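Novice: this one's structure only:
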Ligand SMILES: [Zn+2]
């Protein structure tokens, strides 16, 4: 092999190497597809109670507000809280129910006898973890999908197809909840995945 041939091959090799390098750097320069959805996700940075005109109500049947929690979380293996008006009976039928925090409606349907209309909202907390709030026995559902803001109307208080006196059954579930995105039984001695709604809201008001 002559000196000239070797030089030509050397130059050719260098050019191939340079073009490969250029190709690689060009490919790296192409921006990766934006993984974020078109609309920015609503972060749930604070929470409020789902009933009453203000953001806060007491669990007691007192004169501080018109609402009380008739059946606490854990009482009779209850997986939620039952919110009623102090005035009793069906006086709260049709009263508005509000989203406890910013989120996305991920379930809205008639869940049948014992439940009536149910809405589930998925909330993304500032640290990225998610929780869900469930609103049961609704008379009407305001909106069946999409983003919803804290205190935006979810629906109205109902009686679960006439099975109960009107009240709101409110649950809050954590990400490891076995019935994530699903309606479940409402009562269970095993509460792993469910949290006390009032305690959860009070810590984040
Ligand atoms: Zn209940």
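Specialist: Yep, that arrived. Quick caveat, the model's predicted, so the values are computed rather than measured.

Novice: what sits against the closest residue to the ion within the chain?
Specialist: Residue nearest to the ion within the chain: residue 169 (3.5 Å; Cβ to the ion). The way it works is simple: take the backbone N, C-alpha and C, and place the C-beta from them, glycine included. Residue 169 makes contact with 80, 81, 82, 134, 135, 136, 137, 186, according to Cβ atoms under 8 Å, 6 or more residues apart in numbering.

Novice: Please go through these and note which also touch the ion.
Specialist: Here is what survives when the contacts of residue 169 are matched to the ion using Cβ under 5 Å from the ion: 80, 82.

Novice: And the residue of the chain closest to the ion, how far from residue 183?
Specialist: Residue 169 is 10 Å from residue 183, where distance means Cβ to Cβ, to the nearest Å.

Novice: one step back: so the residue of the chain closest to the ion belongs to a strand, correct?
Specialist: Yes. Membership of residue 169 in a strand is supported by DSSP: H, G, I helix; E, B strand; the rest coil.

Novice: Spell out the residue ranges of the helices in the protein.
Specialist: In the chain, the helices defined using DSSP state H lie at 3-29, 197-203.

Novice: any idea which of those scores lowest on pLDDT?
Specialist: Comparing mean pLDDT across the helices of the chain, the weakest is helix 3-29, with a mean of 46.

Novice: ok so, going back, and the residue of the chain closest to the ion, what are its bridge partners?
Specialist: Note on residue 169: beta-bridge partners by DSSP bridges are residue 82, residue 136.

Novice: pLDDT below threshold where in this structure?
Specialist: 1-40 (pLDDT under 70).

Novice: Next, the contact list for the residue positioned nearest the centre of the chain, please.
Specialist: Centroid-nearest residue in the chain, with Cα atoms, centre = their mean: residue 122, separated by 1.3 Å. If you count contacts by Cβ under 8 Å, 6+ apart, residue 122 has them with 103, 104, 106, 130, 131, 132, 181.

Novice: can you tell me how far the fifth one sits from residue 115?
Specialist: According to Cβ to Cβ, residue 131 stands 20 Å off from residue 115.

Novice: how's this protein carved up into domains?
Specialist: 1-30, 67-203 (automatic domain parsing).

Novice: number of nearby residues for residue 173?
Specialist: Burial measure for residue 173: 24 neighbouring residues, criterion other Cβ atoms under 10 Å.

Novice: show me the contacts for it.
Specialist: Residue 173 neighbours (Cβ under 8 Å, 6+ apart): 131, 132, 133, 134, 179, 180, 193, 194, 195.

Novice: So what sits opposite it in the bridge?
Specialist: Counting by DSSP bridges, residue 173 forms beta bridges with residue 132, residue 194.

Novice: Just confirm residue 188 contacts residue 77, I think it does.
Specialist: Yes. Assessed by Cβ atoms under 8 Å, residue 188 is found in contact with residue 77 at 5.7 Å.
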